[in-house]
Each structure stands twice: as structure tokens, then as C-alpha cells.
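Participant: sequence and predicted structure are below.
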Protein chains: 2
Amino acid sequence: METPDNATADAPATPDEPTGIAAQTWEEAAADPQYRAAVTDLLGALAYGELSAFERLAEDAKLASTTDDKAELAKMATAEFHHFERLRERLAQIDAEPNAAMEPFAAALDEFHRQTAPSDWLEGLVKAYVGDSIASDFYREVAARLDSDTKELVLGVLDDTGHASFAVEKVRAAIEADPRVGGRLALWARRLMGEALSQAQRVVADRDALSTMLVGGVADGFDLAEVGRMFSRITEAHTKRMAALGLAA
Amino acid sequence: METPDNATADAPATPDEPTGIAAQTWEEAAADPQYRAAVTDLLGALAYGELSAFERLAEDAKLASTTDDKAELAKMATAEFHHFERLRERLAQIDAEPNAAMEPFAAALDEFHRQTAPSDWLEGLVKAYVGDSIASDFYREVAARLDSDTKELVLGVLDDTGHASFAVEKVRAAIEADPRVGGRLALWARRLMGEALSQAQRVVADRDALSTMLVGGVADGFDLAEVGRMFSRITEAHTKRMAALGLAA
């Protein structure tokens, strides 16, 4: 189970200094209604993301030609569902109605999956791996900006990702067997990332409180350039991972 | 969460006397190669059944019109996947190759699901509930015929079923709102049971060791009439449950 860990390791560092919120508990931080709104948005977006990841991975599992392969993707799907459950439970704990919190992100996530339905098993594997990795990067980026309680939840969910490493071996083997596959999958990986960024930008434009938090905390004001830098870091990590996988961009 | 438990409670009693195998551990019972083959078949059939239930429930979750409903079906799907994992693990422990053990049952189970793809959310709910209940009944029937170790596994998986009870309320409410729905769903439930029995009979005809065990242990010889009686008990329990649900057969 060799994964290109090196690509992840030197990838998105937590940017600059954490704001004062990182030193606070949820109880303290939530006194600021804008912070409360931002965390509700964040958990809603993550929860809907996990639920739709469950759906799509379960769907993509059908493309498998062996029971083992099918079971591997099904296993990832169930892991995503358990993340969904934890996030939904947390939303309820902080007195947010989970469906209302998820609703603003449904269109962007549904559209992402609609635009990136894999046409075969290898595309499904690359999508599973790319999706898992981008989610990890994003969770890591965002954790630094959160109060200690929310951070613990986000890191807990992050801890349990990485199920996609099985995909790496399979994709490498397929490229070795037929190098032309590499070209096709490299294009596919770029399309996945492009579609993810375009939907993410849509969310950023729509959700002020969330975006403001993502770029360094409510108190520091909103800086679109910083959102851009965060996206750059995630894209860069993605590019390195793809190269390690034999998919030159 | 009112479920028609009474229908389940007076339903399939464990038939007659257990054979001597119930008093043995797996180690002891597995000395008989026919018993070993029967248990391998049983675990293979259950494992494939759980994996395909996962797939179909995840698929049927798409028919939900609310996120809560979707999440309920997704939750059942992940529970089935965890059952699959336990059964597969056990197969490996008893030195059976899991895929080889599952393979003989793939065609019948795939065909069952092909013939019973729900056309709407209510049909999906009824299928989830019926499938869950039949699985419970079957696990209960078969547990009495197993060595103590295999029995513990089967009862452990059984303990964790019953996720479908949420379906009961929803179906009842839909029938109250529009009694004609009841007629349509009653037909559907009968079709589900008919298709399940027809595929089960196909398996019984194909797999001697399994069938022999189902009807009272290897030593007692094969009695087709007893298989029929087991199917009758399960069908009867199903009919009572459907009646309790407002679906007169």
C-alpha cells in the first residue's frame, strides 16, 4: 500500500498565524454570531460533501469488475457516510438544523458530481483518490482557523480518511500495462480539479461568513487573494500527487 | 418507531430439535468436510447478499426526496456493508477464499435485484423493510443448525439488523394519505417475496451441502419437504408483517 505520501507531506502548510479563535473553545468562539454562522456553513458543506461522496462512491463501485474492487470502493463509501453522521450530529449539538445547514451547498456539490461522473473503473479510482486527497488538504487548511472543539471534530474526521490509497497501486499498474492510459487519466484528473475549483469558487462567492473564516478569521476581514492562495496550495499539492502517481499534468 | 414486532415474534420458530452440531465448536464440527462446505456456502451466500444489499440500498437512496430520507437508507446500506465485512473476515479465518465462496450465489442475488428494482421511493422502502425482515427470519432459522462459533457470528450480524423500522412509519403514513397506495404496495410486496423464493429455490437446487444443512444437519440427510416448510414459515411471517403494515395480501 505505497502511497505518494511525500507529495502530501510537503503540501499545503497551514498559512500564516492562526487567529485568536484557535485558542478558544466553541462555547467562547460561538458568542460571535458571524463565527457561529461560518462554522455552521463549514459543517453543513462538509456534511453534504460526505453524503454525496457516499452516494457517488457507491454508484462508482458498480464499475468494478471484481468483488474485491467493488468492496474497496464500498468501504470508502461507508467511511464517508460515517463522517456524514459525525458532522450531522455535531450540527445538531450546536443547535443548527442539519438540513438547513447543508442546503446551501447541495447545488454546487451535485453539479460537481454531475460534471464528473466517471466513464470507467479507472476514472472512478482516480476520482476517489483525488476527492479523498483534496478533502484531506482542505480539512487540514481549515483546521487551523477553528476553535478547539470544532478543530477536534475536523481532525478526527481527517484521521479517518486515506482509504483511497488502494487506488494508487491499481492506477499505477494500469499505466504500466498501457502508457496511453496515463495521458487519458491525466486529462481526467485535471478536469476533476478544474471542476472542483469552479464549484468551490461559486461557494466562496455565495457564502460570506464561511469565506471570511477560511481566509483568516472573522476579525481579520475578508481577503479574496488569500482564498486564491489557499486554492493554489491545494492545486499544487494535487499536481504533485498526480505526478507521483505517473500522471504528468 | 412502532414496528409490527408482534408479527415477527410469533413467526418462524426454530424448527424441531437442533442436531448435535449446535453443541460443537467450529473446530470440532469442521472435521466433517460436508459441514465445512455447507458453512462456507452459507457465509458466502450471506456475504454476497449483504454486499448486493449495500449496492441496491445505496442506489435506492437516490429516490429519496429529502436528505433525511436519503440518509436513513444510506445508513441501512452502510450497516449491510459492515455485515459483509464481518462475514468476509470469517470466511478468510476458516481458510475459505471469500470470492470463491460468494461466486456461486452471485447470479441468483443479482437476478433478484434486477427483477425487483423499485420504481419509486415507497417501493424502495417496502423492499428495504421486506429484505431486512426476511434476512432476520432466515438468520434466525439457520442459527439453530450451526456450530457455536458460526452461530455467534450469525446472531451477531442479526442483532444489528432492524434498521428498516423507519420504513414502517413512512409506508403507513403514505397509505393513510392515499389508500390506493396500499393496493399497489401489497402487490409489490408479494412480487418481492415471490422473486426471493424463486431465487432461493434455485440456490437450494444447486447447492446440496448448504441445503442439507438448512434442513437439519448433514447427518440427518436431505429432506426437500423440510426446505419447503422453512420457506413456508418465512412466507407466513412476511404475510403477517405486511398485514400489520396495512398491506393485506
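Facilitator: It's in. Keep in mind the model is a prediction, meaning the values are calculated, not measured.

Participant: isn't residue A:106 up against residue A:45?
Facilitator: No. Counting by C-beta atoms under 8 Å, residue A:106 does not reach residue A:45; the two are 9.8 Å apart. (Each C-beta comes from the backbone N, C-alpha and C, glycine too.)

Participant: which one of those two has more residues nearby?
Facilitator: Shown here are residue A:106 and residue A:45; by other C-beta atoms under 10 Å in any protein chain shown, residue A:45 has more neighbours (23 against 16).

Participant: any idea how far that one is from residue A:203?
Facilitator: Here residue A:45 is placed at a distance of 7 Å from residue A:203 (C-beta to C-beta, to the nearest Å).

Participant: could you do residue A:244 as well?
Facilitator: Per C-beta to C-beta, residue A:244 is found 28 Å from residue A:203.

Participant: close to chain B, is the strand or helix carrying residue A:126?
Facilitator: Assigned by DSSP states H and E, residue A:126 belongs to helix A:121-143. No. Helix A:121-143 stays clear of chain B (C-beta under 8 Å from any C-beta of the partner chain), getting no nearer than 14.1 Å.

Participant: tell me the angle whatever helix or strand comes next after that helix makes with helix A:121-143.
Facilitator: Going down the chain from helix A:121-143, the next helix or strand is helix A:148-159, by DSSP H and E. For helix A:148-159 against helix A:121-143, the angle by axes from the mean of the first three to the mean of the last three C-alpha atoms, to 10 degrees is 160 degrees.

Participant: kindly export helix A:148-159 (C-alpha atoms) in PDB.
Facilitator: The C-alpha trace of helix A:148-159 is given here as PDB (Å, rounded to 0.1, in the frame of the first residue of the first chain):
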ATOM      1  CA  SER A 148     -10.600  23.900  19.700                       C
ATOM      2  CA  ASP A 149     -13.800  21.800  19.800                       C
ATOM      3  CA  THR A 150     -14.600  22.200  16.100                       C
ATOM      4  CA  LYS A 151     -11.000  21.600  15.200                       C
ATOM      5  CA  GLU A 152     -11.000  18.300  17.100                       C
ATOM      6  CA  LEU A 153     -14.000  17.100  15.100                       C
ATOM      7  CA  VAL A 154     -12.500  18.100  11.800                       C
ATOM      8  CA  LEU A 155      -9.200  16.500  12.600                       C
ATOM      9  CA  GLY A 156     -11.000  13.400  13.800                       C
ATOM     10  CA  VAL A 157     -12.700  13.000  10.500                       C
ATOM     11  CA  LEU A 158      -9.500  13.700   8.700                       C
ATOM     12  CA  ASP A 159      -7.700  11.000  10.700                       C
END
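
Participant: look at whichever residue of chain A sits closest to chain B and say how many residues are nearby.
Facilitator: Residue nearest to chain B within chain A: residue A:58 (3.4 Å; C-beta to the nearest C-beta). Counted by other C-beta under 10 Å, the residues lying close to residue A:58 total 29.

Participant: how about the one 10 residues further on?
Facilitator: By the criterion of other C-beta under 10 Å, residue A:68 has 12 neighbours.

Participant: swap in the one 5 residues further on?
Facilitator: Residues near residue A:73, counting by other C-beta under 10 Å, number 25.

Participant: show me what contacts the residue nearest to residue A:121 when sequence neighbours are not counted?
Facilitator: Excluding the flanking residues, the one nearest residue A:121 by C-beta to C-beta, 6 or more residues apart in numbering or on different chains is residue A:63, at 4.4 Å. Residues counted as contacts of residue A:63 (C-beta atoms under 8 Å, 6 or more residues apart in numbering or on different chains) are A:118, A:120-121, A:124.
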